[in-house]
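Undergrad: Kindly return the folded structure for what I paste below:
(2 chains)
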Protein chains: 2
Amino acid sequence: MNKLSPLSNTNDADVPSAQMEGMDIHSNVVTPDITRPSSPVQASLPPSPLPSKRHKVAIVGSGSFGTALAKIVAKNVASRPKEFHSEVRMWVREKIVHGKQLTKVINSTHMNDRYLPDVKLPSNLVAVGNLKQVVKDATMLVMVTPHQFLSTVLEEFQTEGVITPGAISISAIKGVEVNGADISTFATLIEEKIGTPCAALGGPNVAQDVANEQFCETTVGAKTADECALWSAVFHTNRFKVSTVQDVSGVSLAGALKNVVALAAGFVDGLKLGSNTKASIMRMGLQEMAEFTVEFFPGSKKETFSEPAGMADLITSCYSGRNKKCAEIFAKTGESWEKIEKNHLNGQLLQGTLTTKEVHNFLVSRKRTYAYPLFEAVYAISFEGRPVKTIIDI
Amino acid sequence: MNKLSPLSNTNDADVPSAQMEGMDIHSNVVTPDITRPSSPVQASLPPSPLPSKRHKVAIVGSGSFGTALAKIVAKNVASRPKEFHSEVRMWVREKIVHGKQLTKVINSTHMNDRYLPDVKLPSNLVAVGNLKQVVKDATMLVMVTPHQFLSTVLEEFQTEGVITPGAISISAIKGVEVNGADISTFATLIEEKIGTPCAALGGPNVAQDVANEQFCETTVGAKTADECALWSAVFHTNRFKVSTVQDVSGVSLAGALKNVVALAAGFVDGLKLGSNTKASIMRMGLQEMAEFTVEFFPGSKKETFSEPAGMADLITSCYSGRNKKCAEIFAKTGESWEKIEKNHLNGQLLQGTLTTKEVHNFLVSRKRTYAYPLFEAVYAISFEGRPVKTIIDI
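TA: The predicted structure is shown next:
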């Protein structure tokens, strides 16, 4: 609520029904009746820069995770008509499917069957093919495109007048970009290119499970409390619990580095070492993730790695992610990564091996390889023929 | 080393062999050649109170974990003859096995087959039946008896002259004791009864795996840096990595409360919820563990729960511990705990349900149930007929 309603202390049962209409009685902001020591309690939302005073959310991307997030966002904003425009636009790359435009199919069936089968989408979620139309008047941009489209999208957004002044953004794109001794996150890239403050979202969030409303947590990392409050209002449900931290880099790096540790976990599984060994390797991995982030991203916080984007995402990646599964095959068979990707991922590239290489190159150029023995062991085992069984010699 | 040797800067290759004999060249203290941001580097050990200036370690207990720890300790102290007495005594409750005294069997075969099959023990580890003999001149007591023997043992130790003045102790006994609004750890109990400062040890440490030198980590929580250094020297190997924290309560509580969270993880598995849900529940559980400890044990630290005794022990308990397995059966079959314990544990009692009840009773008497929704959900599901599927309604 932008302002406290004069009726805010009134019991619902006492309010005449005429007064109830159109009122913002329901709220998705985290105001639990159980107040935990660590629960943020939020009273009202920061104002929108639009003349309507209402925020408007756009989803830039419509893959499985983008569509799953879009479903949540559309439901949430519809329940708060005083604070949000009800319509949520989602960018869909137009194509013809069975003789029909994909956007029209999505908008008439309210399904995105190609990426998120069997999930009914809210009718206030509208698929739009034109990027500029998607973000027209939007004050909150959810960036969830595949990496390879991001630069084209950002270029289009750089045209004057496309992005609403005062808009904010959030990146759900995982990974980091390394150039020699420089490392940067997609949140930073987005912020630099289009000028919107950019938060990051991460957690143990398999798209189909999120869309099916299986219980899980996620973390929003943003620079300010206002951004945290807004993104929390947009994403939080009682099945998709949002925790917030004022640490964009921590959330971004956790999502990238967990894949390196997942490879280590896969090696441990491939070697059939026990559950104590695996738990220890995972913990040491999380510690290196936190140390790396705190060392190279000033202002980021070790505690972020205890949040859903850190510990919880790491656990699920080390038990059921594809990086761990492929690393297990690598340890058992000695096959090359290329062969494993071809046979088990239909030729898609593993994120973990890519990040391992990038992190290694970065550490080499910073002369800091010695400080990250687990990351370096994963690199040497993956790319230099170091025996897999030496994963525990760290 | 008590003092720096005048030869300490001398390269081994330059030292005449006569000078090498009996020298303490090897060290088990954590002095990695790779210095990590978080690695403690220890130069020398605090002095022993004995006239010999050497420490003497006694193991009070000889179950599977006690014997596994004893094996490590005996090997470690033998490699540092200047700082430790070589003989390590281990308390064995005397009994006749195949017509022979158990202590004699252990001391002649160097095996403790009843509790730790197929593991060869060092010859400087000596089984002793008489409790007072076990701790005679001991300056470091490793307390690793079953709960039910602890009070008898401590009574015997209270006789004047039994415990060496200046001795320290460590508890590897898991669990807490609740009396109404009071809660206490075994470390506190030991310290109060026999006057030795008492540390705590915990981590993902299945006895047989530790004895077989499978790689894992453990945490020593002690009040002072001196105690941390001594226990680290005694326990650390490159297969049993010791991290130290100056937080006895944190390590003790982690070992007790993890079993409550393991029940929640078992419920999630029994309900066949996905790996994202399980990872989220585990993370929320670790958070409640840390909050509970910090709230009720002033001076304890949230960060301890990122150590092996926290996160790593929790992971292994939630994936392969018996509490999680029995909770999974409970969720799937609806059988009573008694029946599950009878059919799956040969009538042994589950630690997790006991701790859940104790924690609940404690929170009731402190009027703080509302602040620990996960612990309370586990209690209500376990003992009040609340549907298992509501484990995620927290």
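Undergrad: and stretch A:305-321, anywhere near chain B?
TA: Yes: against chain B, stretch A:305-321 shows contacts by C-beta under 8 Å from any C-beta of the partner chain at A:305, A:306, A:307, A:308, A:311, A:312, A:313, A:315, A:316, A:319, A:320. Bear in mind the C-beta positions are built from the backbone N, C-alpha and C, glycine included.
Undergrad: so how far is residue A:139 from residue A:51?
TA: 11 Å (C-beta to C-beta, to the nearest Å).
Undergrad: between those two, which one's more packed in?
TA: A direct count of neighbours by other C-beta atoms under 10 Å in any protein chain shown for residue A:51 and residue A:139 places residue A:139 higher, at 25 against 7.
Undergrad: pretty sure that one is touching residue A:55, no?
TA: Yes: the criterion here is C-beta atoms under 8 Å, and residue A:139 meets it with residue A:55 at 4.9 Å.
Undergrad: joint contacts of these two?
TA: residue A:48 (C-beta atoms under 8 Å, 6 or more residues apart in numbering or on different chains).
Undergrad: for chain A, where's the lowest mean pLDDT among helices and strands?
TA: helix A:17-20 (a mean of 35; mean pLDDT, DSSP states H and E).
Undergrad: what comes into contact with the helix or strand that comes right after that one?
TA: Note on helix A:17-20: by DSSP states H and E, the next helix or strand toward the C-terminus is strand A:57-60. Contact with strand A:57-60 is made by A:66, A:69-70, A:73, A:77, A:84-85, A:88-91, A:125, A:131, A:134-135, A:138-145, A:153, A:234, as judged by C-beta under 8 Å, 6+ apart.
Undergrad: Return the residues of the stretch 101-250 of chain A in contact with chain B.
TA: A:203-206, A:209-210, A:214-217, A:238-239, A:241.
Undergrad: From those, keep the buried residues only.
TA: Among those, those scoring as buried are A:203, A:204, A:205, A:206, A:209, A:210, A:214, A:215, A:216, A:217, A:239, A:241 (criterion: 16 or more other C-beta atoms under 10 Å in any protein chain shown).
Undergrad: isn't the first one right up against residue A:221?
TA: No: the pair formed by residue A:203 and residue A:221 falls short of the contact definition of C-beta under 8 Å, at 10.7 Å.
Undergrad: Need the overlap of contacts for the two.
TA: residue A:309.
Undergrad: Output the helix or strand where residue A:354 lies as CSV, restricted to C-alpha atoms.
TA: Element membership for residue A:354, per DSSP H and E: helix A:351-365. The C-alpha atoms that make up helix A:351-365 are tabulated as CSV, following Å, rounded to 0.1, in the frame of the first residue of the first chain:
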residue,chain,number,x,y,z
GLN,A,351,27.5,-24.4,-17.6
GLY,A,352,29.8,-25.8,-14.9
THR,A,353,32.8,-26.6,-17.1
LEU,A,354,32.5,-23.2,-18.8
THR,A,355,32.4,-21.4,-15.5
THR,A,356,35.3,-23.5,-14.1
LYS,A,357,37.5,-22.5,-17.1
GLU,A,358,36.5,-18.8,-16.7
VAL,A,359,37.1,-18.8,-13.0
HIS,A,360,40.5,-20.5,-13.5
ASN,A,361,41.6,-18.0,-16.2
PHE,A,362,40.5,-15.1,-14.0
LEU,A,363,42.4,-16.5,-10.9
VAL,A,364,45.5,-17.0,-13.1
SER,A,365,45.4,-13.4,-14.2
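Undergrad: Tell me who's in contact with residue A:178.
TA: With C-beta under 8 Å, 6+ apart, residue A:178 has these contacts: A:358, A:359, A:361, A:362.
Undergrad: Kindly recompute the last result at 7 Å.
TA: A:358, A:361, A:362 (C-beta atoms under 7 Å, 6 or more residues apart in numbering or on different chains).
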